[in-house]
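One predicted model, sequence on top.
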Amino acid sequence: MIVAIDGPAASGKGTLGKRIARHYGLAHLDTGLLYRAVAYQLIQAGKPLTDEAEAAIAARKLDVETLDDETLRGAEMGAAASKVAAFPGVRAALVQLQRAFAARPEGAVLDGRDIGTVICPDADAKLFVTASAEERANRRFKELASRGDPITFDEVLADIRARDERDTNRAVSPLRQAEDAALLDTTKMDIDAAFRAAVAIVDAATS
Ligand SMILES: Nc1ncnc2c1ncn2[C@@H]1O[C@H](COP(=O)(O)OP(=O)(O)O)[C@@H](O)[C@H]1O
Ligand SMILES: Nc1ccn([C@@H]2O[C@H](COP(=O)(O)OP(=O)(O)O)[C@@H](O)[C@H]2O)c(=O)n1
């Protein structure tokens with residue numbers, strides 16, 4: 001079974017993806033980490049985030065097994081990821097890797113921006129997870145503050161809005177809800193309620 005989860009920044013895709021994967025005994029890939037890792041490679045190499053050729057080379061060299069969550073989770077890398085994610089060469093270089101992950105015999109859960117639309121259009125269940133920008137900023141602000149990041153709530157909200165705008169309006173694989181995806185608005189749901197609603201959607205789609 002393949003479960004595709006898409007949605008805007010900090011909507012809870014990763015949290016749900018992880019729990020859904022555990023619930024159904026599937027592997028989980030947070031595809032945002034791939035774009036964050038490409039941005040990280042460029043920054044480490046001292047290259048500008050506008051260098052599409054270097055970004056595509058970094059994407060082709062990426063190893064899914066070595067993605068370091070701690071280094072990649074910061075706010076700076078989220079904003080940088082959304083810049084390199086707009087390059088067609090970067091996206092093309094990451095398609096096969098994501099499809100290969102989804103092709104394991106038992107299936108998988110993938111979360112990102114274009115899973116239900118481009119990477120796994122035939123997924124058995126598709127969710128589009130969202131919440132108001134303020135609520136998402138609130139959640140991400142708490143998460144970053146607990147990591148010791150001095151970023152303010154207003155900066156987090158501005159980053160989320162800028163990223164949503166860039167991700168929705170890019171020419172290649174923009175963020176959008178697949179026609180056959182179920183919308184899950186978690187603005188007024190805690191993590192457990194969102195998880196229960198997500199399981200109900202997956203069960204209904206696969207029964
Ligand atoms: N329904 C929810 N209610 C409250 N907090 C949530 C909810 N879903 C996720 N979170 C928290 O919000 C933050 C962002 O969630 P995350 O799963 O990383 O989102 P995404 O993968 O979409 O960026 C995390 O700190 C997570 O624990
Ligand atoms: N499948 C995906 C996943 C992420 N991305 C890009 O990578 C950036 C970081 O993604 P993420 O999922 O780690 O971001 P958060 O939602 O966790 O803040 C996004 O803003 C997108 O620009 C993408 O274009 N396609």
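That came in fine, so what should we check first? Ligands and ions are numbered 1, 2, ... in the order given.

use CA for all of it now, contacts and neighbours both
Will do.

I'd guess residue 4 is in a strand, am I close?
Yes. Assessed by DSSP: H, G, I helix; E, B strand; the rest coil, residue 4 belongs to a strand.

Isn't it up against residue 110?
Yes. With contacts counted by C-alpha atoms under 8 Å, residue 4 reaches residue 110, the gap being 5.3 Å.

helices or strands up against the helix-or-strand element of the chain with minimal mean pLDDT?
Across the helices and strands of the chain, mean confidence by mean pLDDT, DSSP states H and E is lowest for helix 69-72: a mean of 85. Helices and strands touching helix 69-72, by 3 or more C-alpha pairs under 8 Å, 6 or more residues apart in numbering; DSSP states H and E, are helix 32-44.

In contact with residue 34, which residues are there?
When contacts are counted by C-alpha atoms under 8 Å, 6 or more residues apart in numbering, residue 34 is found next to 59, 62, 64, 67, 94.

redo that, cut-off 10 Å
40, 59, 62-64, 67, 72, 81, 85, 90-91, 94, 97-98, 112 (C-alpha atoms under 10 Å, 6 or more residues apart in numbering).

so what's it scoring on pLDDT?
For residue 34, the pLDDT comes out at 97.

coming back round to it: which of the contacts of residue 34 fall in helices?
With helices taken from DSSP state H, the overlap with the contacts of residue 34 comprises 40, 59, 72, 81, 90-91, 94, 97-98.

pLDDT check: weakest of the residues you listed?
Least confident by pLDDT among the ones in helices among the contacts of residue 34: that is residue 72, with 92.

From ligand 1, how far out is the residue sitting nearest the centre point of the chain?
What sits nearest the mean C-alpha location of the chain, by C-alpha atoms, centre = their mean, is residue 112, with 2.9 Å. Residue 112 sits 8 Å away from ligand 1, going by C-alpha to the nearest ligand atom, to the nearest Å.

How about residue 27?
16 Å.

In the protein, mark out all the helices, start to finish.
Ranges of helices in the chain, per DSSP H, are 13-24, 32-44, 52-60, 69-72, 75-84, 88-102, 133-146, 153-169, 191-206.
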